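K.L.:
Predicted model follows, preceded by the sequence.
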Amino acid sequence: MKHIIMTGCKKAEYQEYKLDKMEPDEVMGKTIVSVISPGTELARYKEAQYPYEPGYACIFEVEEIGDSVTDISIGDTVFCEGKHRSYQRMPETKCHIVPENMAVEDTVFVRFVKMAHSIRCLSQKKHFSVLGRGLVASFLKQIDGCTNNSDVIFDCTENEKTILTYPPGSTIYLVGRPWRQNSKLSAHNIYSLVFLNRITLKSGWEERSDDYESYMKLQRQIKIENLYDIDKPANCQAVYNRFLNNRKKLTTIFDWREEENAKRS
């Protein structure tokens, strides 16, 4: 079996790995597709405790089930928050059956849809604005109530310099995780802007929820085409490097279906 592993700064490799024994409450099967979370994975690609195994969301076909599994069957196609691996091994409770009429290339984005919906629910106001051009920002902009002129702003930029653009009196939810410092702004600069412009800063960390069946229904309203390209897991080094050099798409899906070494050994 194969997986993608980051072995050092800006180094991604396609390596063999050994799958542990399956527990009674788990299911296991061959990965169909997995999708890159650009913000999280690019940050780890540049700095992490190596070796680091990336991965955020994937779809796999169930080939084995544990003795205590009751609601998932062999042959089911399921979503999970798995790593970039040729085989997935997950507790049944962490797997969610994909409807037959949903393409796996669309459904693998359901975790981002979940994030966007959960973040939207942080504010009870009818209208909101979005800063940023990433996946979560793209999905937030498709939710009812999004406008360019709201005093509630979801900031997905991961860049503290955007505080210079906040309208006075606005409430800001910091959605983009601050993986690293992007400017020379001091805490004093930020405090002064918040105080003088009567800005309210709040965490945009979304509430945890695993109601993926509901999010899959919501996803039907989200346009996903043209947001991604598709590549082979063996090309992981080149794929991550594209994220450093003005990539054309927001993200990449790894297609595991044609991997010769994906079979369990």
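P.N.:
Noted; the coordinates are in hand.
K.L.:
quick one, phi/psi of Q49?
P.N.:
Note on Q49: its backbone torsions stand at phi -90, psi 100 [degrees, to the nearest 10].
K.L.:
any idea how far D20 is from it?
P.N.:
Q49 is 21 Å from D20, where distance means Cβ to Cβ, to the nearest Å. (Glycine included, C-beta is placed from N, CA and C.)
K.L.:
so how far is stretch 216-231 from its chain's centroid?
P.N.:
Centre-to-centre, stretch 216-231 and its host chain are 13 Å apart (Cα atoms, centre = their mean, to the nearest Å).
K.L.:
Quick check: nearest residue in space to V175, chain neighbours excluded?
P.N.:
G204 (3.5 Å; Cβ to Cβ, 6 or more residues apart in numbering).
K.L.:
do L227 as well
P.N.:
L250 is the one closest to L227 (Cβ to Cβ, 6+ apart), at 4.8 Å.
K.L.:
The one you found: neighbouring residues, count only.
P.N.:
Using other Cβ atoms under 10 Å, L250 has 19 other residues around it.
K.L.:
again, but for A103
P.N.:
By other Cβ under 10 Å, the residues close to A103 number 11.
K.L.:
and if you look at the one 5 residues further on?
P.N.:
Applying the criterion other Cβ under 10 Å, we find 23 residues in the vicinity of V108.
K.L.:
re the thing from before, I figured the residue nearest to L227 hits I224, correct?
P.N.:
No - the pair L250 and I224 does not pass the contact test of Cβ atoms under 8 Å, sitting 9.9 Å apart.
K.L.:
OK, contacts around the residue nearest to L227?
P.N.:
38, 133-135, 138, 227-228 (Cβ atoms under 8 Å, 6 or more residues apart in numbering).
K.L.:
Give the helix, strand or coil label for C58.
P.N.:
strand (DSSP: H, G, I helix; E, B strand; the rest coil).
K.L.:
Now do the contacts for the residue nearest to it when sequence neighbours are not counted.
P.N.:
Distances taken as Cβ to Cβ, 6+ apart place S34 nearest to C58, at 3.7 Å, with adjacent residues excluded. Contacts for S34 were tallied using Cβ under 8 Å, 6+ apart; they are 55-59, 82-85, 108, 233, 253-254, 256.
K.L.:
7 Å - rerun?
P.N.:
S34 makes contact with 55, 57-58, 82, 84, 108, 254, 256, according to Cβ atoms under 7 Å, 6 or more residues apart in numbering.
K.L.:
again, but for F254
P.N.:
F254 neighbours (Cβ under 7 Å, 6+ apart): 33-34, 84, 231, 233.
K.L.:
Now do the SS call for it.
P.N.:
strand.
K.L.:
In terms of pLDDT, where does it sit?
P.N.:
As predicted, F254 sits at a pLDDT of 97.
K.L.:
again with Q219
P.N.:
The model's pLDDT for Q219 equals 87.
K.L.:
about what we covered before: okay, the contacts of L250 in a markdown table with neighbour count, pLDDT and distance to G66 next?
P.N.:
Shown next, in a markdown table, are those (neighbours: other Cβ atoms under 10 Å; pLDDT from 0 to 100; distance: Cβ to Cβ, whole Å):
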| residue | neighbour count | pLDDT | distance to G66 |
| --- | --- | --- | --- |
| P38 | 20 | 91 | 34 |
| R133 | 11 | 87 | 42 |
| G134 | 19 | 89 | 37 |
| L135 | 25 | 91 | 33 |
| S138 | 21 | 93 | 37 |
| L227 | 16 | 92 | 35 |
| Y228 | 19 | 95 | 33 |
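K.L.:
how far away is I74 from S68?
P.N.:
I74 is 15 Å from S68, by Cβ to Cβ.
K.L.:
Then K217?
P.N.:
28 Å.
K.L.:
Same check on I36?
P.N.:
As defined by Cβ to Cβ, I36 lies at a distance of 33 Å from S68.
K.L.:
Compare those two and say which one has the larger neighbour count.
P.N.:
I36 (27 against 10).
K.L.:
those helices in the stretch 151-265 of the chain, which residues are they?
P.N.:
Listed in chain order, the helices of the stretch 151-265 of the chain (DSSP state H, counting those that start in this stretch) span 187-196, 212-219, 236-244.
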